[in-house]
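>>> Sharing a model that was predicted from the sequence below.
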Amino acid sequence: MTARRYAGRVCLVTGSTGIAAASAKRFAAEGGQVLVASRTEDHCRELVEAIRASGGEAAYETANLSKEGAAERAVAAAVERFGRIDAVFNVAGGSGRRFGDGPIHEATPAGWDATLELNLRSQYLMCHAAIRRMLEQERDAQGMRGAILNMGSILAFHPSPAHFPTHAYAAAKGAIASLTVTMAAYYAPHRIRVNAVAPSLTRTPMAGRAASDPATVAFVDWKQPLVGGLLEPEDIADAAAFLLSGEARAITGQVLKVDGGFSVTESPPERGPQ
């Protein structure tokens, strides 16, 4: 870890558990001022209290980021408290299974809409609000106005029909990859960087169903050989801490797969439909 890499930098993290929590703690531990934005106040409060107890500086804004106006309030809260926004990590999202996501012939229209709202609309709204602020603020010591890191998924590029047949979720994450690249191209002349991470299965609250299913666990043990099972949230936080830092000042428009080998490991033999 690079000590105090985020000293003097303001980081806005969406979400308050799993990868979001690990990343917020990492930014604060490296000297960043962190604003957490999430819809569950208890989670936000617990995370901010943990950061402060470790000597970090953090605050939170309770917000359902898929609703219009919530992202603007989160950005305004960060600016009001800390003066600017240097980095945004767009983590908030989740599975759409409970809404009706699934294989396309089974996915309901309501499930499709709810899954895209949770995973894609929320990131659009945060990017919209954050970019508008970044365009107005002065450049930092490296000549940059800010950096955004979006949350994708390995499933947008390497599907697993037997274990993760959630087509609306994959579509949302594929759209995020495209949005990331097109944003990066447009805002590079304005000195704003935009990248994304695409994790594979990670030990988070969202992964509870998969982590409790023996067949899925055996599949992941095979497919993620670098870690021998599920990734830890800190594995993604490590990548985020680099990509949003000044050390990545020349990197934009990239989607980094943080997957323990998932994308390059052959799937175990499985008997498909006959």
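Perfect, I can see it now.

>>> Low-confidence ranges, the chain, go.
When residues are selected by pLDDT under 70, those of the chain lie in 1-3, 270-274.

>>> Please enumerate the strands of it.
Assigned strands in the chain, in chain order: 10-14, 33-38, 57-62, 87-90, 146-151, 192-199, 255-258 (criterion: DSSP state E).

>>> how about the helices of the stretch 1-150 of the chain, start to end?
With DSSP state H, counting those that start in this stretch, the ranges of helices along the stretch 1-150 of the chain come out as 18-29, 41-53, 70-82, 109-116, 122-136.

>>> could those go into a markdown table alongside mean neighbour count and distance to residue 101?
Any C-beta I mention is one placed from the backbone N, CA and C, and that applies to glycine too. Supplementary listing: the helices of the stretch 1-150 of the chain in a markdown table, determined by neighbours: other Cβ atoms under 10 Å; distance: least, Cβ to Cβ, whole Å:
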| stretch | mean neighbour count | distance to residue 101 |
| --- | --- | --- |
| helix 18-29 | 26 | 19 |
| helix 41-53 | 16 | 23 |
| helix 70-82 | 19 | 22 |
| helix 109-116 | 18 | 5 |
| helix 122-136 | 21 | 15 |
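
>>> now for the strands of the chain, which one comes closest to residue 101?
Closest to residue 101 of these, according to Cβ to Cβ: strand 146-151, at 16.8 Å.

>>> Pairing partners for that closest one, with directions?
strand 87-90 (parallel), strand 192-199 (parallel) (DSSP bridges).

>>> And the shortest one, how far out from the chain middle?
It refers to strand 87-90. Its chain's average C-alpha position is 8 Å from that of strand 87-90, according to Cα atoms, centre = their mean, to the nearest Å.

>>> for the longest one, same thing?
When C-alpha coordinates are averaged (Cα atoms, centre = their mean), strand 192-199 and its chain have centres 9 Å apart.

>>> Ok, stretch 201-214 next?
For stretch 201-214 - counting by Cα atoms, centre = their mean - the centre lies 17 Å from the chain centre.

>>> start to end distance for that stretch?
14 Å (Cα to Cα, to the nearest Å).

>>> Same question for stretch 83-98.
39 Å.

>>> Run the chain-centre distance for that stretch.
Distance, centroid of stretch 83-98 to centroid of chain: 5 Å (Cα atoms, centre = their mean).

>>> can you check stretch 75-82 too?
For stretch 75-82, the distance to the chain centre is 20 Å (Cα atoms, centre = their mean).

>>> and what of stretch 179-197?
That offset, for stretch 179-197, works out to 16 Å (Cα atoms, centre = their mean).

>>> Output the strands of the chain in JSON lines; the columns should cover distance to residue 176.
Output for the strands of the chain, formatted as JSON lines (distance: least, Cβ to Cβ, whole Å):
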{"stretch": "strand 10-14", "distance to residue 176": "13"}
{"stretch": "strand 33-38", "distance to residue 176": "18"}
{"stretch": "strand 57-62", "distance to residue 176": "22"}
{"stretch": "strand 87-90", "distance to residue 176": "8"}
{"stretch": "strand 146-151", "distance to residue 176": "5"}
{"stretch": "strand 192-199", "distance to residue 176": "6"}
{"stretch": "strand 255-258", "distance to residue 176": "9"}
